[in-house]
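> Structure, please.
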Amino acid sequence: MENNQAVLPKQGEYHNYLQWIMVSFLVYLLICAVGMIGSGFKMASAGHASELFSFASNPFAGLVVGIIATALIQSSSTVSSIIVGLVAGGLPVELAVPMIMGANVGTSITNTIVSLGHVRAKEEFKRAFSAATVHDFFNLLSVLIFLPLEIAFGLLEKIGSWLSSLFYGSGDSSIKSFNFVKTATAPVVNTVKDVTHSFGDQLGGIALILIGIGLIFIAITMVGKLLKKLMVGKAKDIMHTAIGRGPLSGIASGTLVTIFVQSSSTTTSLMVPLAGSGAFKLKDIYPFTLGANIGTCVTAVLAATAVTGNAQAALQIAFIHLIYNILGVVLIYGLPLLRNIPVKCAETLGGIAAENKLAALGYILGVFFVAPALCLGISSQF
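Numbers count the residues shown, from 1 in each chain. Next comes the predicted model:
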């Protein structure tokens with residue numbers, strides 16, 4: 001018996017090692033996939049990326065594209081990684097910034113849907129729906145503040161440009177001189193590129209983009225499943241330990257958990273049942289949600305280290321995503337005047353939804369699909 005008991009933990013540890021090796025391989029595959037999108041977009045556009053995305057030349061249209069794409073795909077990590085690849089292939093950064101903002105809004109639909117699981121119990125549903133939608137209102141408020149600043153002054157674009165220039169300087173100290181990640185992924189990216197190039201530039205480029213997008217879906221989905229098995233138990237422990245110990249602790253733990261599970265949707269969805277049960281108050285969960293916004297940016301930053309084409313612009317948009325979320329937390333949560341707006345809005349909506357269940361469904365359809373579609377239609381007229 002003692003020998004059998006000694007063998008079981010070793011088998012469990014061996015299984016965990018295999019899972020971590022698989023996670024590492026999938027991350028490598030993700031980085032390769034982003035590189036393929038950049039190469040494919042560059043091949044297909046033949047230097048005319050701006051014309052291909054003329055439908056999103058209006059910042060509001062770009063915002064809507066980001067919202068709808070992420071709401072449908074249910075992964076801001078996937079959408080932001082695709083955007084990084086497109087920027088590397090020639091999509092102008094100024095067109096990509098509103099898309100990144102939209103991806104932030106779209107990703108919060110997941111935990112809002114999760115909260116519908118509490119719909120049978122009125123008070124429980126009120127707490128759960130409020131906890132889910134506080135993420136929505138924070139992201140919407142962040143867009144209302146930063147999109148006009150971006151349109152007027154290019155604030156985020158300038159900050160992202162400065163940060164990326166630190167890594168892509170003009171001398172031998174540039175990251176170009178020692179980018180081992182790009183070197184490691186080049187054989188895979190170039191092999192697939194050579195195969196698709198036989199179909200011609202445009203058709204081959206489109207095929208390369210589709211292969212890259214498909215691999216991103218596969219990699220992020222599988223990484224999410226593996227990391228949930230490996231980390232979600234620990235993630236819950238961190239959450240129980242950190243929530244309620246102060247805003248900085250909540251933000252930091254939300255960031256760490258999201259980096260571990262590679263999904264802000266997973267992180268924020270974990271807390272919805274806790275809020276519904278009454279284990280935590282909305283004001284305690286709120287900072288944890290903000291940390292999830294920051295943690296989700298790691299995927300795009302990692303992917304941007306190995307793209308082909310305009311690598312500096314790709315890193316710039318990845319940094320923009322990170323800085324956008326950090327500045328949102330600092331400004332909105334840091335200013336008492338703004339801090340409680342998402343909480344008050346979420347509590348009010350939670351009360352309305354608890355009294356009228358159709359209001360909850362109308363909110364989800366209206367915010368994530370109907371309103372963006374109307375905005376896209378209106379913006380196309382200008």
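> CA atoms for contacts and neighbours, from now on please.
Noted.
> Check the burial of Tyr17 by counting its neighbours.
12 (other CA atoms under 10 Å).
> repeat for the one 3 residues further on
Residues lying near Trp20 (other CA under 10 Å) number 16.
> ok, residues contacting stretch 325-339?
The contact list for stretch 325-339 (CA atoms under 8 Å, 6 or more residues apart in numbering) reads Ser142, Leu290, Asn293, Ile294, Asn340.
> Sorry, slip of the keys, the one I care about is stretch 137-149.
The list of residues contacting stretch 137-149 from outside it, by CA under 8 Å, 6+ apart, reads Pro98, Met101, Asn104, Val105, Leu155, Gly328, Ile332, Pro342, Cys345, Ala346.
> make it 7 Å
Met101, Asn104, Val105, Leu155, Gly328, Pro342 (CA atoms under 7 Å, 6 or more residues apart in numbering).
> and Ser253, what element?
In the assignment (DSSP states H and E), Ser253 maps to helix 247-261.
> State the mean pLDDT of that helix.
For helix 247-261, the mean per-residue pLDDT is 82.
> Next, the contact list for Ser269, please.
Asn111, Val114.
> Distance from the chain centre to the host helix or strand of it, please.
Ser269 is part of helix 264-277, with elements assigned from DSSP H and E. Distance of helix 264-277 from the chain centroid (CA atoms, centre = their mean, to the nearest Å) equals 17 Å.
> Repeat that for stretch 293-301.
6 Å.
> Stretch 146-157 now?
20 Å.
> List the buried residues for that stretch?
Buried residues in stretch 146-157, counting neighbours by 16 or more other CA atoms under 10 Å, are found at Phe146, Leu147, Glu150, Leu155, Leu156, Glu157.
> same thing with stretch 208-220?
Applying 16+ other CA under 10 Å to stretch 208-220 flags Leu208, Ile209, Leu210, Ile211, Gly212, Ile213, Leu215, Ile216, Phe217, Ile218, Ala219, Ile220 as buried.
> and the first one, what is it in contact with?
By that I understand Leu208. Residues near Leu208 by CA under 7 Å, 6+ apart: Met36, Ile37, Gly40, Lys193, Thr196.
> Any buried residues in whichever strand or helix holds the fourth one, and which?
Counting by DSSP H and E, the element that carries Lys193 is helix 180-197. In terms of neighbour count (16+ other CA under 10 Å), helix 180-197 has its buried residues at Val181, Lys182, Thr185, Ala186, Val189, Asn190, Val192, Lys193, Thr196, His197.
> can you list the residues you listed in JSON lines and add distance to Gly117?
Putting the buried residues of helix 180-197 into JSON lines (distance: CA to CA, whole Å) gives the following:
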{"residue": "Val181", "distance to Gly117": "42"}
{"residue": "Lys182", "distance to Gly117": "44"}
{"residue": "Thr185", "distance to Gly117": "42"}
{"residue": "Ala186", "distance to Gly117": "45"}
{"residue": "Val189", "distance to Gly117": "42"}
{"residue": "Asn190", "distance to Gly117": "46"}
{"residue": "Val192", "distance to Gly117": "43"}
{"residue": "Lys193", "distance to Gly117": "45"}
{"residue": "Thr196", "distance to Gly117": "45"}
{"residue": "His197", "distance to Gly117": "48"}
